[in-house]
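Enquirer: predicted model, plus sequence, below.
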Amino acid sequence: MSGVQLVTIAQRKLDGTISLAILRGDNSETVWSGAVDLSKPEDLDRVAKSVHAKIQALPVGSIKKQLQAIEPQGLDLIDENGRIWTEPRALPDPLPEVMPYDSELLPAIVGDAVADVAHRMQSPPDYVACALLVAMGAVVGNRIGIRPKQNDPWLVVPNLWGCIIGRPSMKKSPSASFAEGLIRSIEDQDRKRIEPKISDAKRDAILAEFQKKAIESDLKKAMQNNDCQEKQFDLAKALAANEAIELPTSRRIITTDSTMAKLVDLLNENPLGMALWRDELISWMRGLDREDQAGDRQNYLTLWNGYGRINVDRIGRGETVCESPCLSIFGCATPGGIQEYVQASLRGGRGDDGLLQRFQVTVWPDEPDEVRVVDRKPDQRALQRVQDLFDRLAEFDARDIADSQCEPNKIPWMRFSPDAQAVFNRWLEDKIKRCRADTMPEAIESHLAKFDKLVPSIALLMELCEGPERSVTKRSVERAVKWASYLESHALRLYAVAACPERVLASPLLNRLLDWDKERPIRVRDIRQKGWRGLSDPKAIESTLEALEADGWLQSIEDGKSSKGGRPTISYVMHPEAKKWIDTLRDGTTKTTKTPLIDGGG
């Protein structure tokens, strides 16, 4: 028996044959090389006999057996230009996994309406729930707050900022419109309530105007006739006391667009607080990025606190002071828009001042796997219950439930019950430890740091939903902690996608490149000129191409230095079997857990 061992080096070719090289194991000398179809017996005989002719000590049968052991499907691919292609790796899920909406996040008085609206719209319940949560905070405003510690005077007002993220087809605005409608209903009811008072005020204003003119006439005559000084003083006092009658105004809660100066006027007229409700949030945020909006931007950061003071100075208007700066904000965003904004924020600059991190009630749910056409009547009982709740939140007297130690003429407040305080303290301690760990990215740390306001705010709102006592109960705090975990998972998705845009762009770019002209090199400049969605930033395109190369879908080629001696141009070629592998990996990949569409009950 011969001691010579054979080494085979094989790659698949696009035509189905094998590029094969057979070497001696003792000295690496090439015995045979060429193309062979191992599925054909005649090819096996041809190669085996050729090798046997050079190493006669090796029987033809044993050579054929070694060749038959080669599994073509497990071989790397070699293209017509000699490039070796391995099996590409499955692309990572473009979106990090998030916690799905859980009906336990809200009490039934709100949750039943969420289920009904989301089911009829076939939209993620996350959208409806988050819009309602922010709307509740806007209606309550600074009517009452909470002191999250038993002895510390630290006060939290439950106004919240929120954003729902999704593609245009995800029905973000219709989902949010339900919560907006509840607030509009409160405004309408208050407007109707004061209608009789407006009629009386208009009458009194007319009488006051005539009285003023009469007093002015009497005073003028008294001065012309040199009447006694006492009479002139009496008429002057009467004129000063004749103030103009101001018409009563109803409570405004929502504004959709306002300058800072006008917003301060509105807040002074509505000291319980208001809500800025935007259909498209990113354009508003980008407007605040301008240098001439630096002052307004700072004022918005203060408005998030829910209390304090804002001074606005304008030529022609002088100084305007807002003693009740409490504002909730809610809006919608598309994935592309929010991704670009967060990227800019992470790079530093004006977007790094905490404005983005204040949008704590931000959700980016998965798209549902299935969507049905639902045509059924609304659950009127559930919708009426949540409307009644909002009406109650707009009218309740905070003094009935506030802590007995509240100071007069200041925002009333509640505290946690002893067992609720223990739950909150455990959560807060754990959150602080995680934020101070070296492993947490700075952007996430900054975002979670503001959860100190989020959890007490939600706990207070949950307590108000269920008919509060004089302290916030353990159940309400536990719900708020669940909200924190849920919203943290969505924040992680938001920042992860912004920090690694190639994670989102890789799959859509790869699918577009399937139709790329094979004779034309793939270059960053050419992709950018296509105007494809999300692929306008050269750096993002470059990093996405590099990620696709690292996963085996592309190979890069240096075209040499430019005529001006600059950096070489990098081109890419696609895996010759990309489409086959995309289909194979898609069928065999476990999909990320999707947000379920709830059935809305009966």
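Expert: Sure thing, it's come through.
Enquirer: mind checking which helix or strand R415 is in?
Expert: Assigned by DSSP states H and E, R415 belongs to strand 413-416.
Enquirer: which elements pack onto the next helix or strand after that strand?
Expert: On the C-terminal side of strand 413-416, the nearest following helix or strand under DSSP H and E is helix 418-436. When contacts are defined as 3 or more CB pairs under 8 Å, 6 or more residues apart in numbering; DSSP states H and E, helix 418-436 sits against helix 442-449, helix 451-465, helix 474-499. (C-beta placed from N, C-alpha, C; glycine too.)
Enquirer: buried deepest among those, which one?
Expert: Looking across the helices and strands packed on helix 418-436 with neighbours counted as mean count of other CB atoms under 10 Å, the highest average goes to helix 451-465: a mean of 25.
Enquirer: who's in contact with C406?
Expert: 399, 412-413 (CB atoms under 8 Å, 6 or more residues apart in numbering).
Enquirer: pretty sure S507 contacts P94?
Expert: Yes: using CB atoms under 8 Å, S507 is in contact with P94, at 5.7 Å.
Enquirer: the helices in the stretch 451-600 of the chain, which residues?
Expert: 451-465, 474-499, 501-513, 524-530, 538-550, 578-588 (DSSP state H, counting those that start in this stretch).
Enquirer: quick one: closest of those to G166.
Expert: Nearest to G166 among the helices of the stretch 451-600 of the chain is helix 474-499 (11.6 Å), distances taken as CB to CB.
Enquirer: that closest one - contacts with which helices or strands?
Expert: Applying 3+ CB pairs under 8 Å, 6+ apart, we find helix 474-499 packed against helix 335-346, strand 361-363, helix 418-436, helix 442-449, helix 451-465, helix 501-513.
Enquirer: got the ones you listed as CSV, with mean pLDDT and distance to E269 columns?
Expert: Output for these, formatted as CSV (pLDDT from 0 to 100; distance: least, CB to CB, whole Å):
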stretch, mean pLDDT, distance to E269
helix 335-346, 82, 32
strand 361-363, 97, 26
helix 418-436, 96, 35
helix 442-449, 89, 33
helix 451-465, 97, 24
helix 501-513, 86, 44
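Enquirer: wait, which of those is closest to G34?
Expert: Closest approach to G34 among these is made by helix 501-513 (32.8 Å; CB to CB).
Enquirer: list the buried residues for the closest one?
Expert: Judged by neighbour count using 16 or more other CB atoms under 10 Å, the buried positions of helix 501-513 are 501-507, 509-510, 513.
Enquirer: what does stretch 61-81 give?
Expert: Neighbour-count burial for stretch 61-81, counted by 16+ other CB under 10 Å, picks out 63-64, 66-67, 75, 77-79.
Enquirer: nearest to R493, of those?
Expert: Checking those against R493 with CB to CB, the nearest one is L77 at 35.2 Å.
Enquirer: phi, psi for that closest one please.
Expert: Phi and psi for L77, reported as degrees, to the nearest 10, are phi -100, psi 140.
Enquirer: hey, what's it bridged with?
Expert: On the basis of DSSP bridges, L77 is bridged to R12, W85.
Enquirer: can you give me the helices in the stretch 1-150 of the chain?
Expert: Applying DSSP H, counting those that start in this stretch to the stretch 1-150 of the chain gives helices spanning 41-54, 60-68, 108-121, 125-140.
Enquirer: tell me if E319 really is in a strand.
Expert: Yes: read with DSSP: H, G, I helix; E, B strand; the rest coil, E319 is one of the residues of a strand.
Enquirer: include distance to P100 when you put the helices and strands packed on helix 474-499 into TSV, please.
Expert: Below are those laid out as TSV (distance: least, CB to CB, whole Å):
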stretch	distance to P100
helix 335-346	18
strand 361-363	10
helix 418-436	21
helix 442-449	20
helix 451-465	18
helix 501-513	20
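Enquirer: quick one: E549 from R89, how far?
Expert: To R89, E549 is 11 Å away according to CB to CB, to the nearest Å.
Enquirer: any stretches of the stretch 501-602 of the chain with poor pLDDT?
Expert: Low-confidence segments of the stretch 501-602 of the chain (pLDDT under 70): 560-566, 586-602.
Enquirer: what is the neighbour count of the nearest residue to L75 once chain neighbours are set aside?
Expert: Spatially, and ignoring its direct neighbours in sequence, L75 is nearest to R12 (4.6 Å; CB to CB, 6 or more residues apart in numbering). The local packing of R12 (other CB atoms under 10 Å) involves 18 other residues.
Enquirer: next: the one 4 residues further on.
Expert: The local packing count at G16 equals 10, with neighbours defined by other CB under 10 Å.
Enquirer: ok now do it, which residues does it touch?
Expert: D37.
Enquirer: please report phi then psi for it.
Expert: phi 100, psi -10.
Enquirer: what pLDDT does the model give it?
Expert: As predicted, G16 sits at a pLDDT of 86.
Enquirer: ok, so what distance separates it from E577?
Expert: From G16 over to E577 the distance is 12 Å, taken as CB to CB.
Enquirer: do the same with L346
Expert: For L346 relative to E577 (CB to CB), the value is 37 Å.
Enquirer: surely V363 meets I165?
Expert: Yes: in this structure, V363 is within contact of I165 by CB under 8 Å, at 6.9 Å.
Enquirer: more neighbours: those two, which one.
Expert: Legend: neighbour count by other CB under 10 Å for V363 and I165, higher for V363 (27 against 24).
Enquirer: contacts only, for the closest residue to that one other than its chain neighbours.
Expert: In space, and not counting its chain neighbours, V363 is closest to D126: 4.4 Å by CB to CB, 6+ apart. Applying CB under 8 Å, 6+ apart to D126 gives the contacts 100-101, 164, 363, 365, 595.
Enquirer: what of I522?
Expert: By CB under 8 Å, 6+ apart, the contact set of I522 is 513, 516, 545, 554, 571-574.
Enquirer: out of the residues you listed, which are inside strands?
Expert: Judged by DSSP state E, the subset of those located in strands is 554, 571-574.
Enquirer: identify the residue nearest E488 in space, chain neighbours excluded?
Expert: Nearest non-adjacent residue to E488, counting by CB to CB, 6+ apart: L448, 6.6 Å away.
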